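# Need the 3D shape of this:
(chains A and B)
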Number of protein chains: 2
Amino acid sequence: MMKITELDVIKTIMDNITYRGDVVKGIGDDCAVFKLGNTYLTVTTDMMFRSTHFPDILTPFQIGMRVITATVSDICAMCARPLGIVVSMGLPTVERGFLLELIKGIDYACRKYSCPIVGGDTNRGKELILCGTAIGVTDNPVYRGGKVGEDIMVTYDIGRVYCALEILKMKEKGVISRKTFYDLWEEYPNIMKKLVEPIARVREGLLLNKYVSSCCDISDGLKKELFYIGNFEISSKKLLRVVPKDVIEFCDRFQIDPIHAALNSGEEFELLFTTKRCDDIFEVLRSECEGEAKKIGKVIEEGYYIDGEELEFGGYIHSWE
Amino acid sequence: MMKITELDVIKTIMDNITYRGDVVKGIGDDCAVFKLGNTYLTVTTDMMFRSTHFPDILTPFQIGMRVITATVSDICAMCARPLGIVVSMGLPTVERGFLLELIKGIDYACRKYSCPIVGGDTNRGKELILCGTAIGVTDNPVYRGGKVGEDIMVTYDIGRVYCALEILKMKEKGVISRKTFYDLWEEYPNIMKKLVEPIARVREGLLLNKYVSSCCDISDGLKKELFYIGNFEISSKKLLRVVPKDVIEFCDRFQIDPIHAALNSGEEFELLFTTKRCDDIFEVLRSECEGEAKKIGKVIEEGYYIDGEELEFGGYIHSWE
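From the prediction side, this is the model:
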């Protein structure tokens, strides 16, 4: 059979949904958006499978945290406030200890993001499957797609998740021993931390709301998300400023191009946004949440460039054979 | 390992969620409820697996209809208006024809219920998994739990799904031939129709809103749902009035107790509600949507009775070994 990608599936869906109802934004952004009086509701859903979405090294607590973080992150991508979340679960067997830790991880993350879990559904499944659906509210939903001339910015840093997955891959392929794996974990704690306990940028998203004209979260890698902005010119020199020191060091040691790591690091959950108000953003993030964001390029008239060379569309795309 | 039921799992969840946030109603009704200005939002999620939730005889179109119907039905159970729905999918392989029909079924049901599909997530899965999350709005959310002295009522009829599943079981066990199976399907079209194309009671729920004091939908069987009302006294004579003729005939032919069929018929998606305003309800349903509802019993001070005999808690409950 022909290989079918996630993009084909989404196209089939988009082409065959004829009833659109009365929504502000349907399929095609981080969230759907409804208008209700003067408020906008943002809704997002994420389905995750143990075998494909959760690295083996995650504890059940971290799996619980992750489903909340990944879902809430899409609310942050609209610069909205999380209102609540529901989580449906497919459970293969129920080991009480596992379930307890999973729930505690969910509860921990919900509290951290002030986003209560308000419902769910439990079923038997062939493997652990978690489906989170979160609702957010905002007066001003921020969509994808920047305007020409705006600066492109990223919160905090990117690249660590890519490196952590490289460490995991080395272990799985037997390139490094179990001991070396744990040594590397100890040596690069923040790299591993970003893989096992990523953070949704709730406060940052809310603070950015009035200063940005477009926003998305980095879930499938910067490279893929950049194309949602529109046309862009990125500078590798600037991009390297959002690549933290440990990633630079790790890349140097394992002969990885740090730019490649930065462009292809998925599930970072950092916010990628465009704005003409960089200085206000530096200031508000610093003063309100000790946060930061840096410029990595600009929205341009036409083309997709890094250091003047064309960048090809890419990033993580599911496919079926 | 000990057998763990869905109820144990839900208890473990309830006991370990410590962050409740600012919600009107959390886990434990058909929907969660948020207040937003003067409006209430109702949210519900349903996860369905090909192997356990969709009888083999369902076409892909009917599978699509079903995920929307089952999810929207929980919005109806709150007597709320569906605002929109998101559907996450786990797809084992993507056969274009199957996907197309699935999407068309989803689209058809969304239009029927005026509930647009506004987003989703697509993933590889080991089997077909659909997770629907719907949002509704209402000025007056109607919860479970009736008041002493109220009449207990049910919309339209119940029992057909139980009979349809009996027919399927006979085929699977080889008790009847493939030919007899199709003969029975032809002989009892409405019985089979309710299994393959059940309907969520959107208009009825909205019409009932101001006349009822509690409401739920029948998804796990009347027997289980009755216990959510509180204490009750049901009369089998009255109950038989909501059992349609074809069910009575079928039960007679296959030596099934029609009361047992009525009590244990799941995924009916009829509304079960309590009220002191029966006559208004008869009138409004008849005049506004050619609909109907009948009394089956009363909410009482204490106990769970059918014809004076105690009824044991039951219905469909998932379990894990």
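# From here on, just use CA atoms for contacts and neighbour counts.
OK.
# State the three-state secondary structure for residue A:33.
Secondary structure for residue A:33, judged by DSSP: H, G, I helix; E, B strand; the rest coil, is strand.
# Next one: it, what pLDDT does it get?
Each residue has a pLDDT score; the one for residue A:33 is 95.
# Break chain A down into its structural domains.
A:4-138, A:151-320 (automatic domain parsing).
# tell me the most buried of these?
domain A:4-138 (a mean of 22; mean count of other C-alpha atoms under 10 Å in any protein chain shown).
# For chain B, find the nearest of the domains of chain A.
domain A:4-138 (4.4 Å; C-alpha to the nearest C-alpha).
# Quick one: end-to-end distance for that closest one.
Terminal residues of domain A:4-138 are spaced 36 Å apart (C-alpha to C-alpha, to the nearest Å).
# same deal with stretch A:235-252?
20 Å.
# Can you pull out the residues in contact with it?
Contacts to stretch A:235-252, defined as C-alpha atoms under 8 Å, 6 or more residues apart in numbering or on different chains, come from residues A:154, A:156-160, A:163, A:188, A:190-191, A:257-259, A:262, A:294-297, A:306-307.
# one more time with 6 Å
The set of residues external to stretch A:235-252 that reach it, using C-alpha atoms under 6 Å, 6 or more residues apart in numbering or on different chains, is A:157, A:158, A:159, A:160, A:258, A:296, A:297, A:306, A:307.
# Return the residues in contact with the fourth one.
Yep, that's residue A:160 we're talking about. For residue A:160, counting by C-alpha under 6 Å, 6+ apart, the contacting residues are A:191, A:247.
# Next one, pLDDT for it please.
For residue A:160, the model assigns a pLDDT of 98.
# What of the first one?
With respect to pLDDT, residue A:157 scores 98.
# That one sits in which helix or strand?
Using DSSP states H and E, residue A:157 is not contained in any helix or strand.
# Let me see the ranges of the helices in chain A.
For chain A, the helices defined by DSSP state H cover A:6-16, A:50-53, A:60-77, A:96-112, A:160-172, A:178-187, A:189-196, A:202-208, A:222-229, A:236-240, A:245-253, A:258-263, A:278-289.
# So for residue A:312, what's the nearest residue that isn't a sequence neighbour?
Spatial nearest neighbour of residue A:312, chain neighbours left out: residue A:304 (7.7 Å); criterion: C-alpha to C-alpha, 6 or more residues apart in numbering or on different chains.
# repeat for residue A:43
Looking at residue A:43 with C-alpha to C-alpha, 6+ apart, the closest residue is residue A:135, at 4.6 Å.
# just residue A:314 next, same as before
Nearest to residue A:314 is residue A:224, by C-alpha to C-alpha, 6+ apart, at 5.2 Å.
# Is the one you found in contact with residue A:311, as I believe?
No. With contact defined as C-alpha atoms under 6 Å, residue A:224 does not count as touching residue A:311 (10.2 Å).
# so where's the stretch 201-321 of chain A uncertain?
A:315-321 (pLDDT under 70).
# let's go with 80 and repeat that
Counting by pLDDT under 80, the ranges of the stretch 201-321 of chain A that qualify are A:314-321.
# Go ahead and confirm the residue nearest to residue A:312 touches residue A:231.
Yes. Counting by C-alpha under 6 Å, residue A:304 touches residue A:231, with 5.4 Å between them.
# In the contacts of stretch A:235-252, find the pair that's most separated.
For those, the farthest-apart pair by C-alpha to C-alpha is A:160 and A:307; their separation is 22.4 Å.
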